[in-house]
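>>> compute the structure for the input listed below.
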Amino acid sequence: MKAADSEVPDAHFRVDKQNVSLWPPDPPPKTCPSQVLGRLLTVHAVVVFLTLVTVTSVLLQAILYPWFMGTISDVKTNAQLLKGRVDNISSLSSEIKRNRGALVAVGFQVRMMNASLGRISSQIRRLETGLKEASAQLQVLTSSWEAVDELNAQIPGLKQDLDKASALNAKVRELQSGLESIRKLLQQQNDILQVVSQGWKYFRGHFYYFSQISKTWYSAQQMCISRDSHLTSVTSEREQEFLYRTAGGLPYWIGLTKAGSEGDWHWVDGTPFNKVQSEKFWIPGEPNNYGNNEHCVNLKTSSLRSWNDASCDNTFPFICKRSYKPSEP
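Residues are numbered from 1 along each chain as shown. Modelled structure (predicted):
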């Protein structure tokens, strides 16, 4: 068969949609019937194959073409959807990038809030501890409430006792004040008696010493200073009466002088000189500064108007004066 096939010339055929025609390239050679039969079989097989191919092609075009075109349309639609999604994803990516900084800031704030929450939690725990302690104290106070009620019931009686005690305290303070006054009076009397025992006389808060010897005005002042005093000043009518009555009509130096003061009278102990008040204490016609040398004053008569200016070099008894100073208790 292979030898016979090798001797069969190649068949040439043309296929259109309706007819299949074969033609030889050369005039057919003279062949035997068996060769012709083989060729006819070959041609028939080819024709059948081509017919199948054509029918299959037509069927494929009729069935697959619409499916293929629909698939392409779906692919295009899906491609457009994907493109829109890609655009959306790009926009979202840009938005995410823009918001990334805000998210970082929010994250920092969140951490700060977490730290604050931690501190608040710690404070809450401390408050809970304090509440527990307060609750315990409240229980103690509650247990003591009955005792408080009893004390409240006793308050009116205690108040009455307190009022009585206050009245007693007032009386005690009054008695203490009276005792203190008596003590001071006794102390004063004791001080006065001690000074009076030394030859002084007491009058209205002052001690007066009436000397038994005569001296010039200046020597008398020095004697008074040695006794922690000065020649007496006169500041009131009552004091003037005390002095001239105690003097008994004898002349005594007092502490009024104008020596060293450019003709102005002044008290040697520093007491301000009241010229108007003193006018009723001068003997009528005095001071006359007789011989232009009478610069010191003495008590001359036993009367309210007993002052007389005299020479400071004359010698008379003198009157010293000093203030009463309470001794230490």
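
>>> so where's the stretch 201-329 of the chain uncertain?
261-262, 328-329 (pLDDT under 70).

>>> one more time with 50, if that's ok
Applying pLDDT under 50 to the stretch 201-329 of the chain flags no residue at all.

>>> residue boundaries of the helices in this structure?
All helices of the chain, identified by DSSP state H, fall at 2-7, 33-143, 145-196, 217-226, 237-247, 275-278.

>>> now the fourth one: buried residues?
In other words, helix 217-226. For helix 217-226, a neighbour-count test (16 or more other Cβ atoms under 10 Å) marks W217, S219, A220, Q221, M223, C224 as buried. To be clear about C-beta, it is placed using only N, CA and C from the backbone, and glycine gets the same treatment.

>>> also the shortest one?
In terms of neighbour count (16+ other Cβ under 10 Å), helix 275-278 has its buried residues at S278.

>>> start the count at 733 instead of 1 going forward.
Sure, I'll start counting at 733 from here, so that last one is helix 1007-1010.

>>> so, low pLDDT: which residues of the stretch 733-882 of the chain?
733-741, 743-745, 747, 749-750, 752-755.

>>> need the helices of the chain in TSV with distance to T1033, can you?
Listed next are the helices of the chain as TSV, based on distance: least, Cβ to Cβ, whole Å:
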stretch	distance to T1033
helix 734-739	203
helix 765-875	90
helix 877-928	26
helix 949-958	19
helix 969-979	7
helix 1007-1010	16
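
>>> which of the ones you listed sits closest to N1024?
Closest to N1024 of these, according to Cβ to Cβ: helix 949-958, at 16.5 Å.

>>> could I have the CA atoms of that closest one written out in PDB?
Written as PDB, here are the backbone C-alpha positions of helix 949-958 (Å, rounded to 0.1, in the frame of the first residue of the first chain):
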ATOM      1  CA  TRP A 949      18.200 130.400 147.100                       C
ATOM      2  CA  TYR A 950      21.000 128.700 145.100                       C
ATOM      3  CA  SER A 951      22.200 126.700 148.100                       C
ATOM      4  CA  ALA A 952      18.600 125.700 148.900                       C
ATOM      5  CA  GLN A 953      18.200 124.400 145.300                       C
ATOM      6  CA  GLN A 954      21.300 122.300 145.600                       C
ATOM      7  CA  MET A 955      20.100 120.900 148.900                       C
ATOM      8  CA  CYS A 956      16.800 119.900 147.300                       C
ATOM      9  CA  ILE A 957      18.600 118.200 144.400                       C
ATOM     10  CA  SER A 958      20.600 116.200 146.900                       C
END
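
>>> domain assignment for this protein?
The chain breaks down by automatic domain parsing into domains covering 734-828, 932-1055.

>>> which one of those domains lies nearest to A868?
Per Cβ to Cβ, nearest to A868 of those: domain 734-828, 56.5 Å.

>>> coming back round to it: of all the helices of the chain, which one is nearest F1050?
helix 949-958 (3.5 Å).

>>> packing partners for the closest one?
strand 962-963, strand 984-989, strand 1051-1055 (3 or more Cβ pairs under 8 Å, 6 or more residues apart in numbering; DSSP states H and E).

>>> hang on, the earlier thing: so which of the domains of the chain comes closest to M845?
domain 734-828 (23.4 Å).

>>> rewinding a little: now, of the helices and strands packed on helix 949-958, which is deepest in the fold?
strand 984-989 (a mean of 26; mean count of other Cβ atoms under 10 Å).

>>> grab the most central residue of this structure for me.
Q855 (22.5 Å; Cα atoms, centre = their mean).

>>> show me the contacts for that one.
Listed by Cβ atoms under 8 Å, 6 or more residues apart in numbering, the contact set of Q855 is empty.

>>> how close does it sit to L849?
Counting by Cβ to Cβ, to the nearest Å, the gap between Q855 and L849 amounts to 11 Å.

>>> tell me which of the helices of the chain lies nearest to V1000.
When the helices of the chain are compared (using Cβ to Cβ), the closest one is helix 949-958, at 6.1 Å.

>>> next one: phi and psi at G1017?
phi 90, psi -10 (degrees, to the nearest 10).

>>> and it, what does it touch?
For G1017, the contact set (Cβ under 8 Å, 6+ apart) is empty.

>>> any idea how far N1040 is from it?
As defined by Cβ to Cβ, G1017 lies at a distance of 9 Å from N1040.

>>> so what sits against both of these two?
With Cβ under 8 Å, 6+ apart, G1017 and N1040 have no common neighbours.

>>> and the helices of the chain: which comes nearest G1023?
Each of those has some distance to G1023 by Cβ to Cβ; the shortest is helix 949-958, at 15.7 Å.

>>> outside of that closest one, which residues touch it?
941, 943, 947, 962-963, 985, 987, 989, 1000, 1028, 1044-1046, 1048, 1050, 1052-1053.

>>> can you give me the angle it makes with strand 1051-1055?
30 degrees (axes from the mean of the first three to the mean of the last three Cα atoms, to 10 degrees).

>>> and the angle for helix 949-958 with strand 984-989?
Going by the same axes, to 10 degrees, helix 949-958 makes 90 degrees with strand 984-989.

>>> OK, contacts around N1046?
T948, W949.

>>> please tell me how far it sits from G1023.
N1046 is 12 Å from G1023, by Cβ to Cβ.
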